[in-house]
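Q: got a predicted structure plus its sequence, pasted below:
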Amino acid sequence: MAKHKNRKFKTVLVGCGSMSSAWLSSKAAKNNIDMVGFVDLIPAAAEKRAEEFGDAGAIIGTNLKNVIVESGAEILFDVSIPEAHYQNTMTALSLGLHVMGEKPMADTMPRARKMVAAAKKSNRIYAVIQNRRYLKDIQIVKSAIQSGVIGSIHTIQSDFFLGPHFGGFRDAMDHPLLLDMAIHTFDAARYITGADAQSVFCKAFNPEGSWYAHGASANAIFEMNKGISYIYNGSWCAIGQNTSWESTWRVMGTKGAILWDGGDVLNCEVYSSKNKSPSKLKSIKIPKKVNRSKILGHDSNIQEFIDAVRKKTKPMTYCVDNIKSLAMVDGAIKSDKAGRMIPITD
C-alpha cells in the first residue's frame, strides 16, 4: 500500500522553454513524476527537454492531445505562453488529467471562468504556479498579521520599481506591467491579508524615457473586503533606487504597522501602552518560525499540488482561488481604459 501511495505520476510537459527547466529540476518533480511526454511547437525544444528529463521512450510531439493519449499521462505541466493556457488546460481536463499551469491562468477572464468550470466538472485539480506564496519572508509577514500584533488591518501598500530590459514581446505589448508582472504582487496582497478585491481604480501610463510601447507604469487603489484598502504603485522602467522583485510593503493596522522590504528586512512598530498615544510606540521583533517544507518557491508549490492529487484535497493555488488574482489584473486594465473605478468579479 505504501508503495502505491508514493508511486510516481505519468506527466506530460507542454511548453519546453527556459522556465520549464526550473519546474522539472525541482525536488518535487524529480521525486513524484515520470516524464512520459514533451510537447512544443518547436520540436527541437521538446527533444532537448526529453534528453534532460524524460523517461526512456518518452513521447515527443507538437500535438498535445496525441501525446497525452499515446503516453497514458495522468498530469499535465503547462509552461506555455498565456494565450495557449486555455486550450492546453481544457484539452487535458477533458482527457481526465490533473493540471499544474503557469501564471496567469488565461489571457482573458471568460476563458479563465471556463477553465474553472471544466476543472469542477471533471473532478480534477487545476492549480496555478504562484511561487511567491512559498517564500519564507512573505509567510513570516502573513503570520505576523494573523497574530494580531498590529491589530485589525485597514491599509496595505506595495511599491514595485524595477527597470528590466527584456526585449521581445514585452516591449511591444499593451499593459506589460499589469499583464505580465502585477499578478504576482496582487496575489501576494490577497495572500498577506486574506482579503479579496471588490473594486479598483487604476491609471496606467508610459513615462518619458520608457523603452516599452505602452503602460510600463501603473498606480491602482483596490477596495478589498474586510474593510481593507490596497494601494499599488509600480513601474517596469524605473531607473535607480529599485525595489526587490517582491516589492516593498507597508501594512497598517489599528495597533501599529509593518514595513517589509520584500527580502529579509522586516520592521514592526506598535503602541507601547494601552493609552494608544502616537508618541508612545515601540519596535518589536517578529517571530520568524516557518515550515521549511513550505518556503522553497517552485518546489513547495509543485509538491503541494502533487500532495493534493494524492490525497484528493485542494492546494493553496487551486484555480477557484487563483482566478481572484487574475480578476484584479483584469479589473485594473478595464479601469484604466474606462477612466473610473469599476467592480471586480471573478
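A: Looks like it came in fine. What you see is a predicted model; the values in this text were computed from it and never measured.
Q: switch to C-alpha atoms for all contacts and neighbour counts from now on
A: Fine.
Q: quick one: the spatially closest residue to Asp196 that is not a sequence neighbour from Val200, how far?
A: Among residues not flanking Asp196 along the chain, Met224 sits closest, at 5.3 Å (C-alpha to C-alpha, 6 or more residues apart in numbering). Separation of Met224 from Val200 (C-alpha to C-alpha, to the nearest Å): 9 Å.
Q: what residues does stretch 207-223 touch?
A: 165, 170-178, 197-206, 229-237, 332 (C-alpha atoms under 8 Å, 6 or more residues apart in numbering).
Q: restricted to strands, list these.
A: 197-205, 229-235 (DSSP state E).
Q: make a PyMOL selection of the buried ones in these.
A: To isolate the buried members of the ones in strands among the contacts of stretch 207-223 in PyMOL, using 16 or more other C-alpha atoms under 10 Å:
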select buried, resi 197+198+199+200+201+202+203+204+229+230+231+232+233+234+235
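Q: and of the ones in strands among the contacts of stretch 207-223, the nearest to Leu326?
A: Among these, Ala197 lies closest to Leu326 (C-alpha to C-alpha), at 10.7 Å.
Q: partner residues bridging the closest one?
A: Counting by DSSP bridges, Ala197 is bridged to Met224.
Q: switch to numbering from 752
A: Sure, I'll start counting at 752 from here, so that last one is Ala948.
Q: so what's it up against?
A: Ala948 touches 941, 973-976, 1075, 1079, 1095, counting by C-alpha under 8 Å, 6+ apart.
Q: can I get the residues you listed in JSON lines with neighbour count?
A: Listed next are those as JSON lines, based on neighbours: other C-alpha atoms under 10 Å:
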{"residue": "Arg941", "neighbour count": "18"}
{"residue": "Phe973", "neighbour count": "26"}
{"residue": "Glu974", "neighbour count": "21"}
{"residue": "Met975", "neighbour count": "22"}
{"residue": "Asn976", "neighbour count": "14"}
{"residue": "Lys1075", "neighbour count": "20"}
{"residue": "Met1079", "neighbour count": "27"}
{"residue": "Ile1095", "neighbour count": "22"}
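Q: pipe those residues into JSON lines and attach pLDDT per row.
A: Shown next, in JSON lines, are the contacts of Ala948 (pLDDT from 0 to 100):
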{"residue": "Arg941", "pLDDT": "98"}
{"residue": "Phe973", "pLDDT": "98"}
{"residue": "Glu974", "pLDDT": "98"}
{"residue": "Met975", "pLDDT": "98"}
{"residue": "Asn976", "pLDDT": "97"}
{"residue": "Lys1075", "pLDDT": "98"}
{"residue": "Met1079", "pLDDT": "98"}
{"residue": "Ile1095", "pLDDT": "97"}
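Q: thank you kindly, that will do.
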